[in-house]
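# Have a look; sequence and predicted model below, questions after that.
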Amino acid sequence: MNQISNNSIRQVLFLLLILLLTVILFLQMQTFIPALLGAYTLYVILRKYMFVLVARYKWKRGLAATTLMLLSFLIILMPFILLINMLGTKISFAVQHSSEVLTAIETFIQKYETRYNIEILSTENINKISAWAANTLPSVLGATLSTITTLLVMYFVLYFMLTEGRKMEASFYDLVPFKDENALILRKETNTLVYTNALGIPLIALLQGVVGLIGYLILGVKEPMFWFVVTCITSMLPIVGAAVAYIPIALLFFADNSPTKGIIMLIYGFGVIGTVDNVFRFWLQKKLGDVHPLITVFGVIIGINLFGFIGLIFGPILISLFILLIRIYSNEFSVKRPAQ
């Protein structure tokens, strides 16, 4: 009977030690995972410009990295910060006047319940919704400190990624236990997936926001540009999507004694805005990176649960990377059958 060599035993023990340390580090650093993933996303987007500034225009690496980080903050993150400030006021107003809105909705529903002798929404359910709104909406405001911490860590890591980009990528080839060709495929396709999701998701959100804005202007929604921004942001969320924007608008119409506009808003929201999201999300994602629609749907759901907001990008990447690693493993270790 063949005995296991000492070298194989040492190798297995060494791999188990690495796995144990990986689990420990992951558990201790999981709070910073969104920041690390965000830094990597920005690195993939900015690396080309970083290399151009340093190689062609002879900028110092620190200056080039700082400049690109500042531009990314102004172009990408500043709109989110402005939106959070706008939402803070709106959410506070909604919490203070939630009882008025729910009373108006209840009056409208009771009118139709009496006319058609049916029960659409009981008073008990109305009270539950009111309690949920009062407890849940203020928690949105409480996430500010966590967001600021994540941004600080993200840019701290991004600075070193940009300034040490060449060295970091060279180390990647040395550390990955694959053949060079497979390591190149892994890095290239991972970067392509990150770039595709980082570009595709905002484009889809913008398109859905424009479609929503058209409806808001036609119906005479107050502050349509604010709701346009809210629609763009919420459209990136899985399952609920832009409904987080147009359902409150409909509720405001009901509260303002404009039930017809409220109904039209719901029909337009679910029938037009939601359809645009479903059609163009699948089409654009597959066009840019040949990503299967199922990968996008399940990836976003998984990513949000694992990584928070940045999971919108890295959820689909996680599934695609899993499939890619299986392909690389097959190429790396499989033995081709001899021709018959």
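Everything's here; your move. This structure is a prediction, so every number in the text was calculated from the model and none was measured.
# which one's the longest helix in this structure?
If you go by DSSP state H, the chain has its longest helix at helix 180-219.
# Would you mind listing the buried residues in that helix?
For helix 180-219, a neighbour-count test (16 or more other CB atoms under 10 Å) marks 182-183, 185-186, 189-198, 200-202, 204-205, 207-209, 211-213, 215-216, 219 as buried. For glycine as for every other residue, the C-beta is placed from the backbone atoms N, C-alpha and C.
# For Ile295, pull up the helix or strand it's in.
Using DSSP states H and E, Ile295 sits in helix 293-307.
# Residues contacting the following helix or strand past that helix, please?
Counting by DSSP H and E, the next helix or strand C-terminal to helix 293-307 is helix 311-333. With contacts defined as CB atoms under 8 Å, 6 or more residues apart in numbering, helix 311-333 is touched by 34, 37, 41, 178-179, 182, 185-186, 189-190, 193-194, 197-198, 201, 236-238, 285, 291, 295-296, 298-307.
# neighbours of Phe156, just the number please.
11 (other CB atoms under 10 Å).
# Tell me the secondary structure at Phe178.
Classification of Phe178 using DSSP: H, G, I helix; E, B strand; the rest coil returns coil.
# Test for you: state the pLDDT assigned to it.
Predicted confidence (pLDDT) at Phe178: the value is 74.
# give me phi/psi at it?
With angles defined as degrees, to the nearest 10, Phe178 sits at phi -120, psi 170.
# Give me the nearest residue to it, chain neighbours excluded.
Spatial nearest neighbour of Phe178, chain neighbours left out: Glu332 (5.8 Å); criterion: CB to CB, 6 or more residues apart in numbering.
# Same check on Ile264?
Counting by CB to CB, 6+ apart, the residue nearest Ile264 is Leu219, at 6.4 Å.
# and the one you found, how far is that from Glu332?
Here Leu219 is placed at a distance of 58 Å from Glu332 (CB to CB, to the nearest Å).
# ok, which stretches of the stretch 101-250 of the chain are helices?
With helices called from DSSP state H, counting those that start in this stretch, the stretch 101-250 of the chain shows them at 123-141, 144-163, 165-175, 180-219, 224-234, 243-255.
# Confidence-wise, which of these is weakest overall?
The bottom spot among these, by mean pLDDT, belongs to helix 123-141, with a mean of 55.
# ok so, going back, show me the one of the helices of the stretch 101-250 of the chain that comes nearest Phe51.
Taking CB to CB, helix 165-175 is the member of those nearest to Phe51, at 7.3 Å.
# Touching the closest one from outside, list them.
43, 47, 50-51, 161, 180, 183-184, 187.
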